[in-house]
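> Dropping a prediction and its sequence here:
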Protein chains: 2
Amino acid sequence: MDNADVELAFGEQERLPAVAQDATSGAVLMLAFVTREAVERTRETGRAHYYSRSRDELWEKGASSGHTQTVEEIRVDCDGDSLLYLVEQEGGACHTGYRSCFYRTIDGEVVGEQVFDPDDVYDE
Amino acid sequence: MDNADVELAFGEQERLPAVAQDATSGAVLMLAFVTREAVERTRETGRAHYYSRSRDELWEKGASSGHTQTVEEIRVDCDGDSLLYLVEQEGGACHTGYRSCFYRTIDGEVVGEQVFDPDDVYDE
């Protein structure tokens, strides 16, 4: 029996949260939001695309920094309202230079690994 | 130098997405939303609390099913607008009986492991 695509439950805001997880290490790298278009572009290109709420635009991860994410698999949760991207992360996922955006505990302790100097990557 | 709590960027809706990750296996188990109160209750009790958007209420994971999450660590992302709970999951995280809510690929292939029969756990 062929599988059919899982129906995604985009709500009124037409976006869903997506988690990027390192397909090799299992580390959770980042969380961002996606639109239908972002999911389609991700499936078409095999590179992670998201939707920027602040800039109101489709965004390819790493397009300016080079820190792209090659998506090995997309998973959907039980309710169809969250996505999980299993990715091969080039460089670091975080604009601060850390491998993962979740580099701090809520108590403020830094537990992540810095893998690049953001001053070398971003002009701004 | 003592660490200070990371400031959380709760937006207008006063809730943030939180990812629960199995602290042992690294599997991403679920994604749900939290309020300030849910985060406080999680820190106080060491058990994962979330906020149910459909029921508009604070919710302790596993309170009815017994499938609780003991929270070993809470991490915060770079922007302070997403949380990561590292948990010890009792039973399965998903109400469908799967260990993780992300048990399907977007193509509809089941890749997760069913660990309990939901008919045995939920009355409804």
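Right, received. Where do you want to start?
> C-alpha from now on. contacts and neighbour counts both.
Will do.
> Spell out which parts of chain A neighbour chain B.
Contact residues, chain A versus chain B (Cα under 8 Å from any Cα of the partner chain): A:3-6, A:17, A:19, A:26-28, A:30-31, A:73-78, A:82-84, A:94, A:96, A:101-109.
> and those, which are buried?
Neighbour-count burial within the residues of chain A next to chain B applies to A:6, A:17, A:19, A:26-28, A:30-31, A:74-78, A:82-84, A:94, A:96, A:101-108; the criterion is 16 or more other Cα atoms under 10 Å in any protein chain shown.
> Any stretches of chain A with poor pLDDT?
Scanning chain A for pLDDT under 70 picks out the ranges A:1-2, A:122-124.
> The residues of chain A next to chain B in helices, which ones?
Of the residues of chain A next to chain B, none are assigned to helices by DSSP state H.
> Give me the distance between the most centrally placed residue in chain A and B:Pro118.
Centroid-nearest residue in chain A, with Cα atoms, centre = their mean: A:Ala20, separated by 4.2 Å. To B:Pro118, A:Ala20 is 28 Å away according to Cα to Cα, to the nearest Å.
> With A:Tyr103 instead?
In terms of Cα to Cα, A:Tyr103 sits 36 Å off from B:Pro118.
> ok, now A:Glu88?
A:Glu88 is 34 Å from B:Pro118, by Cα to Cα.
> Restricting to C-alpha, output stretch A:89-105 in PDB.
The C-alpha trace of stretch A:89-105 is given here as PDB (Å, rounded to 0.1, in the frame of the first residue of the first chain):
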ATOM      1  CA  GLN A  89      23.900  21.000   9.600                       C
ATOM      2  CA  GLU A  90      26.700  22.900   7.900                       C
ATOM      3  CA  GLY A  91      28.700  24.800  10.500                       C
ATOM      4  CA  GLY A  92      26.400  26.100  13.300                       C
ATOM      5  CA  ALA A  93      22.600  26.600  13.400                       C
ATOM      6  CA  CYS A  94      22.800  29.600  15.600                       C
ATOM      7  CA  HIS A  95      23.600  33.200  14.400                       C
ATOM      8  CA  THR A  96      25.500  33.600  17.700                       C
ATOM      9  CA  GLY A  97      28.100  31.000  16.500                       C
ATOM     10  CA  TYR A  98      26.800  28.100  18.600                       C
ATOM     11  CA  ARG A  99      26.100  24.800  17.000                       C
ATOM     12  CA  SER A 100      22.600  24.800  18.500                       C
ATOM     13  CA  CYS A 101      20.400  27.800  19.300                       C
ATOM     14  CA  PHE A 102      19.600  26.000  22.600                       C
ATOM     15  CA  TYR A 103      23.100  26.600  24.000                       C
ATOM     16  CA  ARG A 104      21.900  27.900  27.400                       C
ATOM     17  CA  THR A 105      20.000  26.500  30.300                       C
END
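> All set, thanks.
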